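Novice: Model the structure of this input:
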Amino acid sequence: MKSQFIYHMAHEAEWRAAQASGAPYTGSPDDRRDGFIHFSTAAQIKVSAAKHRAGQKDLLLLTVDGTALGPALKWESSRGGDLFPHLYGPLPAAAVIKIEPLPLGKDGLHIFPPLMTNNRVADKKSTPAFDIYGTATHWLRRLAPETAHQLTLCLLETGLFPWRSNPPDDPTNLAISVWGKNFANPIGLAAGFDKDARVVPAMERFGFGFTEVGGLTPKPQPGNPRPRMFRLRQDQALINRLGFNNKGVAAAARRLTEMRQYSESRRPLAVNIGCNKNTADPIGDYVTVFTRVAPLVDFAVINVSSPNTPGLRDLQGETQLREILAALHQSEGPRKIPILIKIAPDLSRGAVEGIISVATDSHSADGLVISNTTVGRPASLRSPDSAQQGGLSGKPLFAPSTELLRTVYRETKGKLPLIGVGGIASGVDAYAKIRAGASLVQLYTALVYQGPGLVQRLKSELSALLARDGFTSVAQAIGVDAR
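Specialist: You can find the predicted model right below:
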């Protein structure tokens, strides 16, 4: 069935409040009074904005696939006789395709981006009707999740992926410096997509500001039995129980050495470090991987929070973390790199306080990544595979991971750089993470549903939101909602 694009204008504060609480979005006060959420078609939305929203600031334009709304979407006559789409019920996150800011022009009317209608862009002068990334993503989603992932890596690695032209330069207000390293933009690829460092240059070409490869372990290991990755389409989420499947640190180090030798990577690069499933010496495993790749990357992330390796999350304890960090610092060579800890969203308040104590004690850690996947299962999940075991990522993770991010930023008084991960699918989401305390952000799951074209859209939206609120740089917006 072809997509049926319809549009809704939402106040950013109301949308963000729903996202932060994890509750479904039920529209504006006017929508709730009328008993349905008001939508418009591409042909109607500008007239609706001029008539009902002129002069209103902080609006977002939600592009929604009407076919995903089912019988709750009804087409009803307005006072003027035109048919408008009305949604009788909450708006499912899975139906939202894009979220974009609606800036005000000098005349008090809103400036709209190109609008989609019948799978084509209404403004054909600004965007081609045929979307290469969207088409590739559509066909890949017809395959089993892990098969689609491996095919994507093969296409990227061999240069057969259908590229668009090189990405444009990043907006200048997205540049940020963290740990003395310059990032052209704060949007990074989270660990798990490129476990074996096969496609780093391709990720830079997509427009990411940095890439995190891994998780890597000392020895190759196959991970857990298949099937071990599940799409939750209705929830815009994934469940995985991969179990640190990778080819081992030696293979990745060879690729990274060649990449650095031929200057194929120009943007900051991180490595996610793990331990083998049956190791008798987990701390020794972390040291082995770290010493092998530290000369080849810009920062390292200690993964003690994956739920798919038995006993791994026990290493988030205060005593264990201190031992791991001490061992890594003792093994450092002359080229020291920042060391971060990736933590789970399911921690108790006491456990979070213990991690903060370790991280800030004599600068043992240089930052935290918040957060890994969750073992929790919100009651709002609707997809058939939602009861599968493993770590849940995607939209349902946005609220709890952002709240944890905000808490850690407050507790550390903004002195510890944080990377925000979990449920980012739009510029609005990335902006919320930054305002909650993140210096950098990462995504992965949203790529499964929106394709790599998401990266450029997200940067454009984030840049517009910063400018709208009077920020000339990302750094100025960090933590403004957590102070």
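Novice: Which residue ranges make up the domains of the chain?
Specialist: Under the assignment automatic domain parsing, the domains of the chain span 5-120, 134-477.
Novice: what's the most buried one of these?
Specialist: Of all the domains of the chain, domain 134-477 carries the top mean neighbour count, a mean of 20, counting by mean count of other C-beta atoms under 10 Å. C-betas here are computed from N, CA, C, even on glycine.
Novice: Pull the distance from it to the chain's centre.
Specialist: 9 Å (C-alpha atoms, centre = their mean, to the nearest Å).
Novice: mean confidence score for it?
Specialist: Across domain 134-477, the average pLDDT comes to 94.
Novice: OK, contacts around the closest residue to Gly390 other than its chain neighbours?
Specialist: In space, and not counting its chain neighbours, Gly390 is closest to Arg241: 3.3 Å by C-beta to C-beta, 6 or more residues apart in numbering. If you count contacts by C-beta atoms under 8 Å, 6 or more residues apart in numbering, Arg241 has them with Asn224, Arg228, Met229, Pro307, Asn308, Gln388, Gln389, Gly390, Gly391.
Novice: again, only using 6 Å
Specialist: Going by C-beta atoms under 6 Å, 6 or more residues apart in numbering, Arg241 touches Asn224, Arg228, Asn308, Gln389, Gly390.
Novice: does Pro378 really touch Leu397, like I thought?
Specialist: No - using C-beta atoms under 6 Å, Pro378 is not in contact with Leu397; the gap is 9.2 Å.
Novice: returning to that earlier point: can you lay out the contacts of Arg241 as CSV showing distance to Gly55 and secondary structure?
Specialist: Output for those, formatted as CSV (distance: C-beta to C-beta, whole Å; DSSP: H, G, I helix; E, B strand; the rest coil):
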residue, distance to Gly55, secondary structure
Asn224, 55, coil
Arg228, 52, coil
Asn308, 51, coil
Gln389, 51, coil
Gly390, 48, coil
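Novice: Any chance of these in JSON lines with distance to His86 as columns?
Specialist: Below are those laid out as JSON lines (distance: C-beta to C-beta, whole Å):
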{"residue": "Asn224", "distance to His86": "45"}
{"residue": "Arg228", "distance to His86": "41"}
{"residue": "Asn308", "distance to His86": "43"}
{"residue": "Gln389", "distance to His86": "39"}
{"residue": "Gly390", "distance to His86": "38"}
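Novice: So in this structure, which helix runs the longest?
Specialist: What stands out as the longest helix in the chain, according to DSSP state H, is helix 453-468.
Novice: Contacts for that helix, please.
Specialist: Contacts of helix 453-468 (C-beta under 6 Å, 6+ apart): 100-101, 133, 171, 173-174, 185, 206-207, 427, 430-431, 446.
Novice: that older thread, would you format the domains of the chain as TSV with distance to Arg483 included?
Specialist: Formatted as TSV, the domains of the chain follow (distance: least, C-beta to C-beta, whole Å):
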stretch	distance to Arg483
domain 5-120	16
domain 134-477	8
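Novice: now Pro282, nearest residue through space, not along the chain?
Specialist: Using C-beta to C-beta, 6+ apart and skipping residues adjacent in sequence, the residue nearest Pro282 is Cys275, 4.2 Å away.
Novice: With Val358 as the reference, measure out to that neighbour.
Specialist: Distance of Cys275 to Val358, computed by C-beta to C-beta, to the nearest Å: 18 Å.
Novice: quick check, nearest of the contacts of helix 453-468 to Ser28?
Specialist: Pro101 (16.8 Å; C-beta to C-beta).
Novice: That closest one sits in which helix or strand?
Specialist: strand 96-102 (DSSP states H and E).
Novice: Please state the offset of that strand from the chain centre?
Specialist: How far strand 96-102 lies from its chain's middle: 15 Å, per C-alpha atoms, centre = their mean.
Novice: Who are the contact partners of the spatially closest residue to Ile187 that is not a sequence neighbour?
Specialist: The shortest distance from Ile187 to any non-neighbouring residue, by C-beta to C-beta, 6+ apart, is to Gly209 (5.2 Å). Counting by C-beta under 6 Å, 6+ apart, Gly209 touches Phe183, Ala184, Asn185, Pro186, Ile187, Gly188.
Novice: Save those residues as CSV, and put in secondary structure too.
Specialist: Output for these, formatted as CSV (DSSP: H, G, I helix; E, B strand; the rest coil):
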residue, secondary structure
Phe183, strand
Ala184, coil
Asn185, coil
Pro186, coil
Ile187, strand
Gly188, strand
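Novice: how about the residues you listed, which pair is most distant?
Specialist: So, the contacts of Gly209 by C-beta to C-beta: farthest apart are Ala184 and Gly188, at 11.2 Å.
Novice: can you pull out the helices in the stretch 101-250 of the chain?
Specialist: All helices of the stretch 101-250 of the chain, identified by DSSP state H, counting those that start in this stretch, fall at 132-140, 145-158, 200-206, 249-261.
Novice: Name the nearest residue to the residue nearest the centre of the chain, ignoring sequence neighbours.
Specialist: Nearest to the mean C-alpha position of the chain, by C-alpha atoms, centre = their mean, lies Leu443 at 2.3 Å. Excluding the flanking residues, the one nearest Leu443 by C-beta to C-beta, 6+ apart is Ile424, at 4.3 Å.
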